[in-house]
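Asks: please find the sequence and the predicted model below.
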Amino acid sequence: MWTIWRRNCRRARVASNSWPRRFSCKLSAASRALLRIGAAISHLEVNYQAHLNLDELAQIAHMSKRNFLRSFQSALRISPIAYLVQLRVTRGASLLRRTDLTVTEVAFQVGFRDSNYFARQFHKVLGLTPSQYRKQQARLA
């Protein structure tokens, strides 16, 4: 992401030799924080099955744990752990639609260590249990 920004910034400098300059390459602190959080979100999207903790995500974002939590929450209006749970549940719902795996197998594949916890979180996020969701999707297809 930084590479794209630098490349565009160089182009803008070359193109804007006239006075006054119309383009500034300086990013605000909030913009830099969003870019850093984007790196952590990308990491979550790719590694959602793995056991992840806040210290690791904060390190990826090059922020302190507290600053990362505050920035993430203000940008997405959700905590990083809640985001991870939602991500796992939506990926689990996709597996339930596309495969014949059991609910327990789906839970383990998307990173939950307990199928009961997966079922509770699934119901909390989507309003249905995993088996109800699978039946509903089968009826719609």
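Replies: Structure received. Residues are numbered from 1 along each chain as shown.
Asks: now residue 119: how far from residue 112?
Replies: Residue 119 sits 9 Å away from residue 112, going by Cβ to Cβ, to the nearest Å. Where C-beta positions appear, they are placed from N, C-alpha and C, glycine not excepted.
Asks: compare these two (neighbour count), which wins?
Replies: Legend: neighbour count by other Cβ atoms under 10 Å for residue 119 and residue 112, higher for residue 112 (22 against 18).
Asks: give me the pLDDT for residue 20.
Replies: Residue 20 is assigned 50 on the pLDDT scale.
Asks: can I see the domain layout of the chain?
Replies: Residue ranges for the domains of the chain, per automatic domain parsing: 28-77, 84-140.
Asks: mind putting the ones you listed into CSV with mean pLDDT?
Replies: Below are the domains of the chain laid out as CSV (pLDDT from 0 to 100):
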stretch, mean pLDDT
domain 28-77, 90
domain 84-140, 96
